[in-house]
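Colleague: With the input below, show me the fold.
(one chain, ligands or ions: 3)
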Amino acid sequence: MPALLEIRGLSAGLQGRRSVTQVVSNVDLDVRSGEILGVVGESGCGKSTLATAIMRLLVPPQVLQSGSMTLRLNKGSSYDLVKLSESELRELRWRHLSYIPQGSMNSLNPVLRVERQMTDTLIQHGLSDKEARSRAIAALELVNLEPKILYSYPHELSGGMRQRVIIAAAVSMRPALIVADELTTALDVVTQRQILQELIGIRDELGATIILITHDMGVVAQIADRVAVMYAGKIAELGTVNGIFETPLHPYSQGLIGSIPRESGQRVEGLLGEAPSPWNYPTGCRFHPRCPKVFAHCRAQTPALQVQASDRWAACHLYDAEVAADA
Ligand SMILES: Nc1ncnc2c1ncn2[C@@H]1O[C@H](COP(=O)(O)OP(=O)(O)OP(=O)(O)O)[C@@H](O)[C@H]1O
Ligand code: SF4
Ligand SMILES: [Mg+2]
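Modeller: Ligands and ions are numbered 1, 2, ... in the order given. All right, here's what the predicted structure looks like:
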């Protein structure tokens with residue numbers, strides 16, 4: 001079955017006075033219909049840049065450099081998001097493509113009741129006042145909020161409730177694709193778990209596809225079907241959650257999984273060093289300065305994301321038979 005969203009060769013960067021500093025480099029990614037795809041990686045590895053590039057919401061000095069993003073909706077309609085004009089994008093956003101930005105929990109307008117904030121956009125998209133209100137109530141139900149929340153001001157709600165209102169607003173048009181960036185980062189563990197369960201309910205109820213961006217491997221383990229591990233603007237590994245957690249192939253995935261705190265209190269084997277900024281991306285494999293398995297080839301040659309097993313891709317020379325034999 002063709003992917004709902006097929007990303008090919010996507011690069012995005014920061015426009016400087018003389019040149020562009022690449023942040024996200026040559027990303028190839030298929031997002032399958034109905035899946036929850038986790039995109040995970042340390043702070044600064046380009047997750048939000050990828051999310052905003054997918055939504056075509058990059059803000060200068062951010063620039064989209066190259067690539068294509070084919071979105072296939074029901075009834076055979078397909079669009080290359082890279083080529084769409086701003087007005088065409090406005091038609092698609094919210095209705096088919098929905099975005100929950102990082103930190104959005106604090107973006108509700110403090111002087112407007114939830115009702116206005118949820119229904120205004122629906123009305124702008126052509127719904128009557130009555131339809132918008134019933135859509136808003138239905139969306140609130142999906143996140144276990146009662147209709148009376150519509151009469152509240154944001155300051156009357158807890159952080160978890162505000163985040164739920166944001167999610168409800170984002171799904172009220174029943175979009176095909178939801179891109180959610182660090183949805184639960186600011187919340188306590190219990191609320192986080194509840195919201196992740198609600199997200200699974202939304203996927204099942206609406207038949208939506210979700211890209212969930214997070215730096216937290218624990219979140220991915222709880223909710224995602226597949227996971228794309230990002231490092232320094234590239235996909236290091238892609239596969240099913242079970243596959244990657246049981247047998248991570250890329251040394252970076254191994255380090256991330258090794259860094260998850262154990263309930264047993266066992267010592268955590270963390271990753272050494274820090275992720276590089278886009279101005280200092282290393283040559284060859286960008287992970288090489290931190291990689292415990294580095295060999296000479298890694299410093300000069302960039303590994304390509306290649307299929308390694310059923311439903312598993314990794315970008316690492318260790319799995320490149322000819323190169324590893326030379327090492
Ligand atoms: N508008 C901008 N101006 C300057 N630097 C930027 C801008 N946007 C992104 N960057 C830089 O690009 C890199 C990637 O940023 P991005 O926000 O995509 O990372 P992230 O993986 O989402 O990080 P986090 O987990 O902290 O949210 C970082 O080094 C960041 O400082
Ligand atoms: S290519 Fe080399 S440096 Fe990069 S992850 Fe693989 S072994 Fe480590
Ligand atoms: Mg981010």
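
Colleague: So Glu88 belongs to a helix, correct?
Modeller: Yes: per DSSP: H, G, I helix; E, B strand; the rest coil, Glu88 lies within a helix segment.

Colleague: any idea which element the nearest residue to it once chain neighbours are set aside lies in?
Modeller: Leaving aside its chain neighbours, Glu88 sits nearest to Tyr79 (7.6 Å; criterion: C-beta to C-beta, 6 or more residues apart in numbering). Every C-beta, even on glycine, is put in place using the N, C-alpha and C of the backbone. If you go by DSSP states H and E, Tyr79 is part of strand 78-80.

Colleague: tell me what that strand is packed against?
Modeller: strand 62-72 (3 or more C-beta pairs under 8 Å, 6 or more residues apart in numbering; DSSP states H and E).

Colleague: Let me see the residues that make contact with the strand it packs on.
Modeller: Residues from elsewhere that reach strand 62-72, judged by C-beta atoms under 8 Å, 6 or more residues apart in numbering: 2-15, 20, 22-23, 26-27, 49, 52-54, 56, 58, 78-83, 92, 96-97, 177.

Colleague: ChimeraX command to pick out the buried ones of those?
Modeller: Of the contacts of strand 62-72, the buried ones go into a single ChimeraX selection, burial set by 16 or more other C-beta atoms under 10 Å:
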select :3,4,5,6,7,8,10,11,12,13,14,20,22,23,26,27,49,52,53,54,56,58,79,81,82,92,96,97,177
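
Colleague: list the contacts for the residue of the chain found nearest ligand 3?
Modeller: Using C-beta to the ion, the closest approach of the chain to ligand 3 is made by Ser48 at 3.1 Å. With contact set as C-beta under 8 Å, 6+ apart, Ser48 has these partners: Pro101, Gln102, Asp181, Glu182, Ile213.

Colleague: From Ala170, how far off is the third one?
Modeller: When you say that, I think you mean Asp181. Distance of Asp181 to Ala170, computed by C-beta to C-beta, to the nearest Å: 11 Å.

Colleague: ok now do Glu115, which residues does it touch?
Modeller: Contacts of Glu115 (C-beta under 8 Å, 6+ apart): Arg133, Ala136, Leu150, Tyr151.

Colleague: Of those, which is the most crowded?
Modeller: In terms of neighbours by other C-beta atoms under 10 Å, the contacts of Glu115 top out with Ala136 at 25 neighbours.

Colleague: all helices in the protein, in order from the N-terminus.
Modeller: In the chain, the helices defined using DSSP state H lie at 47-54, 86-92, 114-124, 129-142, 159-171, 189-206, 217-223, 241-246, 251-258, 296-300, 321-326.

Colleague: how many other residues sit next to the closest residue to Lys293 other than its chain neighbours?
Modeller: Excluding its sequence neighbours, the residue lying closest to Lys293 (C-beta to C-beta, 6+ apart) is Pro251, at 5.1 Å. Around Pro251 there are 24 other residues, counting by other C-beta under 10 Å.

Colleague: Which pLDDT value belongs to Pro251?
Modeller: Pro251 is assigned 97 on the pLDDT scale.

Colleague: got the residues of the stretch 51-200 of the chain near ligand 1?
Modeller: Proximity of the stretch 51-200 of the chain to ligand 1 (C-beta under 6 Å from any ligand atom) is limited to residues Pro61, Gln62, Gln102.

Colleague: and those residues, which are buried?
Modeller: By 16+ other C-beta under 10 Å, those give Gln62, Gln102 as buried.

Colleague: Between the two ends of stretch 75-87, how far is it?
Modeller: Using C-alpha to C-alpha, to the nearest Å, the end-to-end distance of stretch 75-87 comes out at 21 Å.

Colleague: quick check: mean pLDDT across it?
Modeller: Across stretch 75-87, the average pLDDT comes to 93.

Colleague: How about residues contacting it?
Modeller: Under C-beta under 8 Å, 6+ apart, the answer for stretch 75-87 is 54, 56, 64, 67-73, 88-89, 92.
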